[in-house]
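Novice: predicted model and sequence below, questions to follow.
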Amino acid sequence: MGGVTGYTPLREGVNLTDSTSNRSSMTLESELSSVEPVETRAEQLARDAGFDEDTASQIAMISREAVINAILHGNKKDPAKQVRVSFELNDDALRITIADQGGGLDPDAVPDPCAPENILRGSGRGIFLMRAIMDEVHFHQLNPGTEIELVKHRVHKEPQA
């Protein structure tokens, strides 16, 4: 499995003083055993960001799904290809970016999992769930590959008077 750089956990309730105070990245092999560290890191950063337990678990699940898609559908488990994952936590949001080195993806061409003909299909719900759980989901075509950017905005609590 690839390395991890630049991870520093935040203390709960800490306001960040610069625009980006927590960045880390991973480079993963195109094998499913590479997925767990991404899920673990995403959940920890979501907790550091102050998201509740359910939301942190959902962010971890979505991150896992995106990496599995990158390995299986993007890189097609090609051992010569890698998946890059980056995490950024700042005062405004948690941003998770996953990039594969595959042939590219048109998210609009993915069948709607809510359509009657797709209800019983065992796959095809990942992008739907990403869009339902995250505040923003962006797809970027790379050369080669696809990058997906997942954003969950932080809710700031007003100080009690």
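Specialist: Received the coordinates, thanks. Residues are numbered from 1 along each chain as shown.

Novice: please enumerate the strands of this structure.
Specialist: Secondary structure of the chain (DSSP state E): strands at 4-5, 22-29, 82-89, 93-99, 136-141, 146-153.

Novice: least reliable of these going by mean pLDDT?
Specialist: Across those, strand 4-5 has the smallest mean pLDDT, namely a mean of 34.

Novice: mean neighbour count and distance to Asn75 for the strands of the chain - can I get that in TSV?
Specialist: Bear in mind the C-beta positions are built from the backbone N, C-alpha and C, glycine included. Below are the strands of the chain laid out as TSV (neighbours: other Cβ atoms under 10 Å; distance: least, Cβ to Cβ, whole Å):
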stretch	mean neighbour count	distance to Asn75
strand 4-5	13	19
strand 22-29	18	9
strand 82-89	22	7
strand 93-99	22	10
strand 136-141	13	15
strand 146-153	20	10
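
Novice: can you put those strands in JSON lines and add distance to Ala49?
Specialist: Supplementary listing: these in JSON lines, determined by distance: least, Cβ to Cβ, whole Å:
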{"stretch": "strand 4-5", "distance to Ala49": "18"}
{"stretch": "strand 22-29", "distance to Ala49": "9"}
{"stretch": "strand 82-89", "distance to Ala49": "6"}
{"stretch": "strand 93-99", "distance to Ala49": "5"}
{"stretch": "strand 136-141", "distance to Ala49": "15"}
{"stretch": "strand 146-153", "distance to Ala49": "8"}
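
Novice: list the buried residues in the helix ranked longest in the chain.
Specialist: The longest helix of the chain (DSSP state H) is helix 53-69. Judged by neighbour count (16 or more other Cβ atoms under 10 Å), helix 53-69 contains these buried residues: 55-69.

Novice: what residues are bridge-paired with Ile96?
Specialist: Beta-bridge partners for Ile96, by DSSP bridges, are Phe87, Leu150.

Novice: was I right to think it contacts Arg64?
Specialist: No: taking contacts as Cβ atoms under 8 Å, Ile96 lies outside contact range of Arg64: 10.8 Å.

Novice: how about the nearest residue to Arg41, chain neighbours excluded?
Specialist: Using Cβ to Cβ, 6 or more residues apart in numbering and skipping the chain neighbours, the partner closest in space to Arg41 is Phe87 (6.1 Å).

Novice: so what's the one you found up against?
Specialist: Applying Cβ atoms under 8 Å, 6 or more residues apart in numbering to Phe87 gives the contacts Tyr7, Asn22, Arg23, Ser24, Ser25, Arg41, Ala42, Leu45, Leu94, Arg95, Ile96, Thr97.
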